[in-house]
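Q: sharing a model prediction with you, sequence too.
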Amino acid sequence: MKFLVTNDDGIFAPGVAALVEVLQHFGEIYVVCPDQERSAISHSITIKQPLKATPVSIFGSNVQAWAINGTTADCVKLALEVLLKEPPDVVVSGINLGANLGRDVFYSGTMAGAAEASLFNIPAIAVSVDRTNTKETNFQLPKRLFYEVMEIILPNKPPEGVFININLPYVTREFCAGIKVVPLDLSVSRYKYVGLNDPYGQVYYWLKDRLSQLSDFDEDGDYGKLKAGYITVTPLEGKVCHKKHVKKLERWFNNKMLKKSKEELYS
């Protein structure tokens, strides 16, 4: 089995090395990551400057890897269209420092890597650990949990166009409450703008991290279950056009468009 690994913390992030170590137990690894941190860039791609793919050898001689001066979505798109001779079986994005939960998944570069792969109909997984301090994070804990999750996922085939978001609690296997398949809790929004005055009275707005202050949340959603010590698994759809609503919107516009002559349009 062939895996493409990406992330948004940069190719030298310890979470990438941890992910490679886990996936090497299951197959062949290719790594294509941003050359530096690109957190919270969502699904953006680079169109105003050229991209450079720089080979790196930090993962050993058995792992082909490239650092890209672009976004996570750039990395997956470039890998699938140019760098890899054939498509991988699975794309895995992570291991991200900091859980991706609720509304914040739509801002995440880690999530965008998995979403981009799903647009190519390639099964994809985004994985994050509920920890934010690199120096204080022992990746042996999430590595063991993720290994067991992959043993369950890989024998199965995700639905086409769907990618899987996984959040790992920062606990030992013995203290992990289990695995829960859960919906996004869209009431959860980690960051909120707050105004601050500079010495001259000008107001500037910064995003404040209020994750530790959240109190009103769905106990059965992704945030609630992760907080309770579960590994959370959420299926998400990369292709967002909802076919079931097409007919409904067609009825809105059917025979409602104004028919104007050329003379009226250009008068």
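A: Received, thanks.
Q: show me the helices in the chain, by range?
A: All helices of the chain, identified by DSSP state H, fall at 14-23, 72-78, 109-119, 140-153, 222-227, 246-253, 262-265.
Q: would JSON lines of those helices with mean pLDDT, distance to residue 57 and mean neighbour count be doable?
A: Quick note: C-beta positions are derived from backbone N, CA and C, even for glycine. As requested, the helices of the chain are exported to JSON lines (pLDDT from 0 to 100; distance: least, C-beta to C-beta, whole Å; neighbours: other C-beta atoms under 10 Å):
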{"stretch": "helix 14-23", "mean pLDDT": "97", "distance to residue 57": "13", "mean neighbour count": "22"}
{"stretch": "helix 72-78", "mean pLDDT": "97", "distance to residue 57": "17", "mean neighbour count": "27"}
{"stretch": "helix 109-119", "mean pLDDT": "94", "distance to residue 57": "22", "mean neighbour count": "28"}
{"stretch": "helix 140-153", "mean pLDDT": "96", "distance to residue 57": "22", "mean neighbour count": "17"}
{"stretch": "helix 222-227", "mean pLDDT": "92", "distance to residue 57": "35", "mean neighbour count": "23"}
{"stretch": "helix 246-253", "mean pLDDT": "77", "distance to residue 57": "49", "mean neighbour count": "9"}
{"stretch": "helix 262-265", "mean pLDDT": "56", "distance to residue 57": "61", "mean neighbour count": "8"}
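Q: which of the ones you listed sits closest to residue 41?
A: For the helices of the chain, the distance to residue 41 is smallest for helix 109-119, at 4.5 Å, taking C-beta to C-beta.
Q: what angle do the closest one and helix 14-23 make?
A: Taking axes from the mean of the first three to the mean of the last three C-alpha atoms, to 10 degrees, one finds that helix 109-119 is oriented at 40 degrees with respect to helix 14-23.
Q: output helix 109-119 in CSV with nothing but the alpha carbons.
A: Presented in CSV, the C-alpha positions along helix 109-119 are these (Å, rounded to 0.1, in the frame of the first residue of the first chain):
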residue,chain,number,x,y,z
GLY,A,109,-4.6,23.5,6.3
THR,A,110,-4.3,20.0,7.7
MET,A,111,-8.0,19.4,6.7
ALA,A,112,-7.4,21.0,3.3
GLY,A,113,-4.7,18.4,2.5
ALA,A,114,-7.2,15.6,3.0
ALA,A,115,-10.0,17.5,1.3
GLU,A,116,-7.8,18.1,-1.8
ALA,A,117,-7.1,14.3,-2.0
SER,A,118,-10.8,13.6,-1.9
LEU,A,119,-11.4,15.8,-4.9
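Q: surely residue 96 is in contact with residue 130?
A: No - with contact defined as C-beta atoms under 8 Å, residue 96 does not count as touching residue 130 (10.2 Å).
Q: which one of these two has more residues nearby?
A: Between residue 96 and residue 130, residue 96 has the larger neighbour count (other C-beta atoms under 10 Å), namely 28 against 22.
Q: any idea how many residues pack against the nearest residue to residue 127 once chain neighbours are set aside?
A: With C-beta to C-beta, 6 or more residues apart in numbering as the criterion, residue 127 has its nearest non-adjacent residue at 3.7 Å, and that residue is residue 94. A total of 31 residues lie near residue 94 under the criterion other C-beta under 10 Å.
Q: show me what contacts residue 94?
A: Applying C-beta atoms under 8 Å, 6 or more residues apart in numbering, we find residue 94 in contact with 7, 15, 19, 110, 125, 126, 127, 128, 166.
Q: can I get those residues in JSON lines including distance to residue 116?
A: Converted to JSON lines, the contacts of residue 94 look like this (distance: C-beta to C-beta, whole Å):
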{"residue": "7", "distance to residue 116": "13"}
{"residue": "15", "distance to residue 116": "18"}
{"residue": "19", "distance to residue 116": "17"}
{"residue": "110", "distance to residue 116": "11"}
{"residue": "125", "distance to residue 116": "13"}
{"residue": "126", "distance to residue 116": "11"}
{"residue": "127", "distance to residue 116": "16"}
{"residue": "128", "distance to residue 116": "17"}
{"residue": "166", "distance to residue 116": "17"}
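Q: for residue 177, find the nearest of the helices of the chain.
A: helix 222-227 (8.2 Å).
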